[in-house]
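**Q** build me a structure from this.
(chains A and B)
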Amino acid sequence: MAEVALHQVVKKFGDVEAVRAIDLDIPDNEFVVLVGPSGCGKSTTLRMIAGLEEVTSGNISIGGEVVNDLPPKDRDIAMVFQNYALYPHMTAYENMSFGLKLRKFSKAEIRQRVEHAARILDITELLDRRPKALSGGQRQRVAMGRAIVRNPKVFLFDEPLSNLDAKLRVQMRTEIKRVHQKVKTTTVYVTHDQVEAMTLADRVVVMNKGLIEQIGTPHELYHHPRTHFVAGFIGSPAMNFIPCRLEQSGAGLRVRISDAIAFPVPAANEGRYRPVAAKELVLGLRPEHVTEPRHNGRDDGCDFTATLDVVEPMGMETMVYFTMNGTEICGRVEPKSAGDAGAAMRLHANIDHMHLIDPASGAVI
Amino acid sequence: MTSTTMAIPASQPTRKSASLKRDRRWALITSYVFLVIFAIFFLIPPYYMVVTALKSDAEVAHMATNPWIVANGFTLDQFKILFTQTDFLIFFKNTAIVTTCVVVITMVVSVLAAFSLGRMRFWGSSILATGIFLTYLVPDTLLFIPLFQIVKAFGLLNSYWGMVLVYPTLTVPFCTWIMIGYFQSIPKELDEAALIDGAGHMQMLLRIFIPVALPGIIAATIFAFTVSWAAFVYPMAFLYSADQQVLTVGTVTSLIRADVYKWGMLMAGALVAAAPPLVIYAFLMDYYIAGLTAGATKG
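**A** Okay, here's the model as predicted:
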């Protein structure tokens, strides 16, 4: 177990800068998820920690020791790959014990460790099978077992669930979380799936174009995104972004969406937004904050009427899609109060949860 | 109304499946006809070889008998004379030594070469890989002239050890090529997993790559064996005394004297010489095909 630190780490492939001077501190025992769209540099970052890619500049340290020039085997890490990377000619037992054998552990120690890991992962009865005779989920467990038996300082996961079907993915997600709670090893996990990131992580690192956009707990990222990108990337369905203008309205401020629709800015936020008054901005509002009116008739000026384009009943709630100021907006409403597609519906914007984004810098104000 | 609409789709699939069945039957019949023709075409020479080897010299020379059957009784005389009164066993021993050495050298060189060219990224590796294959395209009928100088310089003219030196020029390029294709088809995560598990390059090769690529290695081994066992041009050019000669050239030169062909012994010799490749093929055929096709599609 150890902490992992990245300091000004850069990775270039020829002229292409895949990772651009990132800083990241991962304390002991933490589960950190690197998330971002493909090509954002998250896998490259993980591979640099593993030692499978060289660092162009900057430092990576594991347990306080700079490991830039150490080969993977001397970094005391274990990695789980997307396609499992099990040795096809070895049984599950041999796959899990291979690393220990190379490190000259005694046979008894190897047996004890493999059996212990197999019990944690519930694969004891599969130990004699070759990978070909295992299902996707079982293979992934063996791959995790191979990591666990080593009892390394750091676990690295490279999109380990991407090859599994949706149901198994959810199941294995829980499994990974359970294993982490049991073995408590520092873990770096890479995924492009923000749901996986939110559910697994102690802290999430959102990456985009080789840079870290934001580091925070899932709660922080969801409720207090710092950039347009994070606001749009975290959350499903994604946050609505509506071009707007912040204007003076008496003593207060107003977010004007169109000639007909404008929402008053809550008094608590006015101080924060006053410097950007009279500017063209982007209003960010999550779908769950666009609902049917729930204020028992007391209109706070945030109600509006929209013609629904698409209505998607989900059971517990219904998603409604409509167009406002040329932008498609998604709202989450009670199934009972949802209107029909093509019909007008009275809706309410819960403006207390709004975000205002500067379109030029992409920063959330 | 309902019955008419139901009737139309019901009748169509039946007709279609009937015609499919008929197509399939014709395809099968045609395949069998051609397969039988092919089998006959390719089995006639070995059959003729066996029949002739089991005849006495007198029957072979007697033009009136039917050449396709053994009319005057089977005899193993041809084999007896071949083994006791000619240098055939020396040729066989020489060939076995040369082939074993060539196969070992070829496999060691080509597996190591293919592993480094196929798996380790270094500057010029792909050009080198293509270059190695290009050397295979130069025919041995052209190569034996410069190779003569080399063999002579090594003092290995008229020695079967010279063959151990020159045969790998034929086997190494092709075997390396097969193995490069095979090694490249192994996902790169496998060596990364091995690296993280703590394996060095040699351990990775011996404990991961060779077992995983075994069908390819067997295919390459069979190829090297066949080339080395059946080589003709090089021994013809470089060997001239009977004690150093190998099977292919030795059998022909010692059993054909001017215009006297000892057909019975020639056939017996060819039969015995063909036995080792035949046995190896029979045992490893499945691996051989799997190995060749994998190399072909992914190389």
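
**Q** leaving aside the residues next to it on the chain, what's closest to A:Val290?
**A** Closest residue in space to A:Val290, ignoring its immediate chain neighbours: A:Gly331 at 3.4 Å, by CB to CB, 6 or more residues apart in numbering or on different chains. Just so you know, the C-beta spots here come from the backbone N, C-alpha and C atoms, and that holds for glycine as well.

**Q** quick one: contacts for that neighbour?
**A** A:287, A:290-291, A:319-322, A:347 (CB atoms under 8 Å, 6 or more residues apart in numbering or on different chains).

**Q** switch to 10 Å and redo it
**A** A:237, A:240, A:285-292, A:306, A:308, A:317-322, A:338, A:345, A:347-349 (CB atoms under 10 Å, 6 or more residues apart in numbering or on different chains).

**Q** then A:Ile120?
**A** A:141, A:144-145, A:148-149, A:175, A:178-179, A:182-183.

**Q** any figure for the gap between it and B:Phe42?
**A** Noted for A:Ile120: a distance of 59 Å to B:Phe42, by CB to CB, to the nearest Å.

**Q** got the contact list for stretch B:119-130?
**A** B:113-114, B:116-118, B:131, B:176-177, B:180-181, B:183-184, B:186, B:188, B:190-191, B:201, B:204-205, B:209, B:299.

**Q** buried ones in that stretch?
**A** Across stretch B:119-130, burial judged by 16 or more other CB atoms under 10 Å in any protein chain shown covers B:119, B:129.

**Q** what segments of the stretch 1-150 of chain A are strands?
**A** Ranges of strands within the stretch 1-150 of chain A are A:4-13, A:16-26, A:31-35, A:57-62, A:65-66, A:77-80, based on DSSP state E, counting those that start in this stretch.

**Q** which outside residues touch the fifth one?
**A** Right, the one you point to is strand A:65-66. With contact meaning CB under 10 Å, 6+ apart, strand A:65-66 is reached by A:2, A:5, A:7, A:59-60, A:75-76, A:153.

**Q** and the residues you listed, which two are the farthest apart?
**A** Farthest-apart pair in the contacts of strand A:65-66 is A:His7 and A:Asp76; separation 19.5 Å (CB to CB).

**Q** more neighbours: which of those two?
**A** Taking neighbours as other CB atoms under 10 Å in any protein chain shown, A:His7 and A:Asp76 compare with A:Asp76 leading, 18 against 14.

**Q** buried members of the contacts of stretch B:119-130 into ChimeraX, please.
**A** Provided next is the ChimeraX selection string for whichever of the contacts of stretch B:119-130 are buried by 16+ other CB under 10 Å:
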select /B:113,114,116,117,118,176,177,180,181,183,184,186,190,191,204,205,209,299
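
**Q** which stretches of chain B form strands?
**A** B:256-257, B:260-261 (DSSP state E).

**Q** out of these, which is closest to A:Ser249?
**A** A:Ser249 lies closest to strand B:256-257 among those, at 112.9 Å (CB to CB).

**Q** what about that closest one, distance to the chain center?
**A** Strand B:256-257 has its C-alpha centroid displaced from the chain centroid by 28 Å (CA atoms, centre = their mean, to the nearest Å).

**Q** any idea of the mean pLDDT for it?
**A** Strand B:256-257 shows an average pLDDT of 83 in the prediction.

**Q** which residues does it contact?
**A** Here strand B:256-257 makes contact (CB under 10 Å, 6+ apart) with B:262-263, B:266.

**Q** quick one: strands adjacent to it?
**A** strand B:260-261 (antiparallel) (DSSP bridges).

**Q** got phi/psi on the nearest residue to A:Glu30 once chain neighbours are set aside?
**A** Among residues not flanking A:Glu30 along the chain, A:Asp202 sits closest, at 5.0 Å (CB to CB, 6+ apart). Main-chain torsions, A:Asp202, degrees, to the nearest 10: phi -80, psi -50.

**Q** number of nearby residues for A:Asp202?
**A** 15.

**Q** roughly how far does it sit from A:Met345?
**A** 40 Å.

**Q** pLDDT at B:Ala290, what is it?
**A** 60.

**Q** how about B:Thr4?
**A** pLDDT for B:Thr4: 42.

**Q** ok, the one 10 residues further on next?
**A** The predicted local confidence for B:Thr14 comes out at a pLDDT of 55.

**Q** quick check: closest non-adjacent residue to the one residue in the stretch 201-350 of chain A that gets nearest to chain B.
**A** Going by CB to the nearest CB, chain B is nearest to A:Met207 of the stretch 201-350 of chain A, at 21.1 Å. Closest residue to A:Met207 apart from its sequence neighbours, by CB to CB, 6+ apart: A:Gly36 at 3.8 Å.

**Q** and if you look at A:Pro225?
**A** In space, A:Pro225 is closest to A:Ala231, 3.9 Å off (CB to CB, 6+ apart).

**Q** that neighbour - that's part of a helix, no?
**A** Yes: assignment of A:Ala231 by DSSP: H, G, I helix; E, B strand; the rest coil places it within a helix.
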